[in-house]
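Trainee: Have a look; sequence and predicted model below, questions after that.
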Amino acid sequence: MHTRRSSSVSPDPSPTGPGRPRNRRSSPRRTRMVGAFLAAAAMIVSACTSGGSTNSGNPAAEAALAALAPLPRSTPAALAPYYGQKLTWRSCGAPGFQCATMRAPLDYAKPDAGSIRLAVARKKATQPRERLGSLLVNPGGPGGSAVAYLQQYAGIGYPAEVRARYDIVAVDPRGVARSEPVKCLDGRAMDRYTQTDFTPDDEKETEELVGAYKRFAEGCGADAARVLRHLSTAEAARDMDILRATLGDEKLTYVGASYGTFLGATYAGLFPNRVGRLVLDGAMDPSLPARRMNLDQTAGFETAFQAFARDCVRHRDCPLGKKAADVGKNLKSFFEKLDAKPIPTGDPDGRVLGESLATTGVIAAMYDEGAWAQLRDALSAAMRENDGAGLLVLSDSYYERDADGRYTNLMFANAAVNCLDLPAAFATPDEVRRSLPAFEKASPVFGEGLAWATLNCAYWPVAPTGEPQRIEAKGAAPIVVVGTTRDPATPYRWARALSRQLSSARLLTYEGDGHTAYGRGSACIDKTINAYLLRGTPPTRDKRC
């Protein structure tokens, strides 16, 4: 779960985007966009985020879901060496940033059976005499590098008054980026994977899609057999508590976006008495099974797309028609043409723009209304000039593919966490086919592809370890849950649901477009969250901005 300052996600200097040198720093907006992109990446690459039972939609069944049980308040003796470790800080990245390596048990059930190394970074408070403690940040995903987010945005782009009073801290969750990263496919294999037809028209194409999912899963299992069983959100949340202790903080102060809200809420459920000031922005609902979650998210993308459609037709250069009602139909028709005959992109590796890459590029632009102008340009070039380069740029940015054809481990960690956290939405292609009408009703443009994208975890080499559950965190200090009314990746209804589950939640609503709200330009949202972080004053219940 990921936003922001420039007007698009176009090629600013970034180590991960297409056509950009790897040794240049990304802009604050591009870095924040990473967090935004991750939630939908979960749908393209794996079974979205949570999954499990099929009770969602039945209030009585949902009420019967077990609540996440808190851990004992006392630290088990076997974990004492981890909680008592001293971090050795060193300079890293830009001036003012420090890095360290923290150890955590690979298996919390067997703390003596080996450890995992986690990358930690911090930017110390600029006014140390008025320091309030540490503020842990996570941009979402799962799979987003919190360390990169800290160094490229939070440590320099968070409000000055927040950076003055807090050490801003990040840890790459286990299996992510610098923390013993999972790797599934090399660049060329990943190129082939991202071009797989995610809307199979016949049995042959279905077999090709299933084969792609199996190769992806087999690659992950071959590379990370040691850690693949221990990359769950619950384990990552326990790692955060070790970090809290090593930093010397009695309670955890935290800002998590998108999937980061699931991570933060899980922490609150496990350690309610250690909750300090928690902001959960772009909230997820942990009580949903995968099928319902993916269906909700599909509808969320349709909501965002309709907002884009209304905006597009106000511009003379809109390539999708003059009436908002025609935009979706025209885009779907364009996707079908690409499915039959991809168009050139000028890519040095010979990639062409087919339906899958084009769909990914459009989805990428749904996360932030600032990217809509770029999307119009990219669609105009593709539809009118047979030039797919612009949509490929958006797709590559989404997948974090660099100019040399290399991918970060975002998508690999994303699948590894998602497929372990909760059971897959579908077990067979036939189950997907039976659900297609519901997904296509939720989104005539994206529904079919997003339904098939949920099949990936059916072939995962490690069995899931979790189920949908309510998180109540009884006894926790006030927790601020933030929802955006037209958020594509974390629909607003999820924020409302989480705020009802958490016993101490305060719901803060942003009436607007895009994914997440903090730092997106709303003075009302930023002022409210800053007051909470700096003075401990939560918003009034159901405050709207």
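Mentor: Sure, I can see it.
Trainee: Local confidence estimate at the most far-flung residue of the chain relative to its centre?
Mentor: Going by C-alpha atoms, centre = their mean, the residue of the chain most distant from its centre is residue 129, 35.0 Å out. The model reports residue 129 with a pLDDT of 96.
Trainee: would you list every one of the strands in the stretch 351-500 of the chain?
Mentor: 479-486 (DSSP state E, counting those that start in this stretch).
Trainee: all helices in it, in order from the N-terminus.
Mentor: Ranges of helices within the stretch 351-500 of the chain are 355-365, 372-385, 389-399, 410-421, 429-442, 447-453, 492-501, based on DSSP state H, counting those that start in this stretch.
Trainee: out of the ones you listed, nearest to residue 318?
Mentor: helix 372-385 (6.1 Å; C-beta to C-beta). C-beta here means a position set from N, CA and C on the backbone, and glycine is covered the same way.
Trainee: name the helices or strands packed onto that closest one?
Mentor: Helix 372-385 sits against helix 290-312, helix 324-340, helix 355-365, helix 389-399, with contacts defined as 3 or more C-beta pairs under 8 Å, 6 or more residues apart in numbering; DSSP states H and E.
Trainee: That one: which residues count as buried?
Mentor: Neighbour-count burial for helix 372-385 flags 372-383 (criterion: 16 or more other C-beta atoms under 10 Å).
Trainee: Export the residues you listed to a markdown table and append columns for distance to residue 162.
Mentor: Output for the buried residues of helix 372-385, formatted as a markdown table (distance: C-beta to C-beta, whole Å):
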| residue | distance to residue 162 |
| --- | --- |
| 372 | 29 |
| 373 | 30 |
| 374 | 30 |
| 375 | 32 |
| 376 | 35 |
| 377 | 35 |
| 378 | 35 |
| 379 | 38 |
| 380 | 40 |
| 381 | 41 |
| 382 | 41 |
| 383 | 44 |
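Trainee: Among the residues you listed, which one sits closest to residue 362?
Mentor: Nearest to residue 362 among the buried residues of helix 372-385, counting by C-beta to C-beta, is residue 375 at 6.5 Å.
Trainee: which residues touch that closest one?
Mentor: Neighbouring residues of residue 375 by C-beta atoms under 8 Å, 6 or more residues apart in numbering: 308, 361-362, 365, 394.
Trainee: Any chance of CSV for these, columns distance to residue 75 and pLDDT?
Mentor: Shown next, in CSV, are those (distance: C-beta to C-beta, whole Å; pLDDT from 0 to 100):
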residue, distance to residue 75, pLDDT
308, 49, 96
361, 48, 97
362, 48, 97
365, 46, 95
394, 46, 97
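Trainee: So which of the residues you listed is the closest to residue 540?
Mentor: Of the contacts of residue 375, the one sitting nearest to residue 540 (C-beta to C-beta) turns out to be residue 308, at 32.4 Å.
Trainee: Is the closest residue to residue 171 other than its chain neighbours in a helix, a strand, or coil?
Mentor: In this structure, residue 171 finds its nearest non-sequential neighbour in residue 120, 4.8 Å apart by C-beta to C-beta, 6 or more residues apart in numbering. Assigned with DSSP: H, G, I helix; E, B strand; the rest coil, residue 120 falls in the strand class.
Trainee: burial count for residue 340?
Mentor: Look at residue 340: counted by other C-beta atoms under 10 Å, it has 9 neighbours.
Trainee: for residue 162, what are its contacts?
Mentor: 135, 168, 530, 533-534.
Trainee: Generate the ChimeraX command that creates a selection of the buried members of those.
Mentor: Here is the ChimeraX command that selects the buried residues among the contacts of residue 162 (16+ other C-beta under 10 Å):
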select :135,168,530,533,534
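Trainee: So which of the contacts of residue 162 belong to helices?
Mentor: 530, 533-534 (DSSP state H).
Trainee: so which of the residues you listed comes closest to residue 185?
Mentor: residue 533 (39.6 Å).
Trainee: For burial, what's the neighbour tally of residue 67?
Mentor: Other residues near residue 67 come to 15 when the count uses other C-beta under 10 Å.
Trainee: Please apply the same query to the one 3 residues further on.
Mentor: The tally of other residues near residue 70 (other C-beta under 10 Å) stands at 18.
Trainee: wait, is it part of a strand?
Mentor: No. According to three-state DSSP, residue 70 belongs to no strand; its state is coil.
Trainee: could the contacts of residue 162 be laid out in a markdown table, adding distance to residue 222?
Mentor: Formatted as a markdown table, those follow (distance: C-beta to C-beta, whole Å):
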| residue | distance to residue 222 |
| --- | --- |
| 135 | 38 |
| 168 | 37 |
| 530 | 46 |
| 533 | 43 |
| 534 | 48 |
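Trainee: which one of the helices of the stretch 351-500 of the chain lies closest to residue 82?
Mentor: Minimum separation from residue 82 across the helices of the stretch 351-500 of the chain (C-beta to C-beta) falls at helix 410-421, 21.0 Å.
Trainee: Using PDB, write out the CA atom coordinates for the closest one.
Mentor: C-alpha atoms of helix 410-421 as PDB (Å, rounded to 0.1, in the frame of the first residue of the first chain):
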ATOM      1  CA  LEU A 410       9.000  -5.600  -5.900                       C
ATOM      2  CA  MET A 411       6.800  -8.100  -7.800                       C
ATOM      3  CA  PHE A 412       8.600 -11.100  -6.400                       C
ATOM      4  CA  ALA A 413       8.200 -10.100  -2.800                       C
ATOM      5  CA  ASN A 414       4.700  -9.000  -3.500                       C
ATOM      6  CA  ALA A 415       3.700 -12.500  -4.600                       C
ATOM      7  CA  ALA A 416       5.700 -14.100  -1.900                       C
ATOM      8  CA  VAL A 417       3.900 -12.200   0.900                       C
ATOM      9  CA  ASN A 418       0.400 -12.300  -0.600                       C
ATOM     10  CA  CYS A 419       0.500 -16.000  -1.400                       C
ATOM     11  CA  LEU A 420       1.600 -16.800   2.100                       C
ATOM     12  CA  ASP A 421      -0.600 -14.500   4.000                       C
END
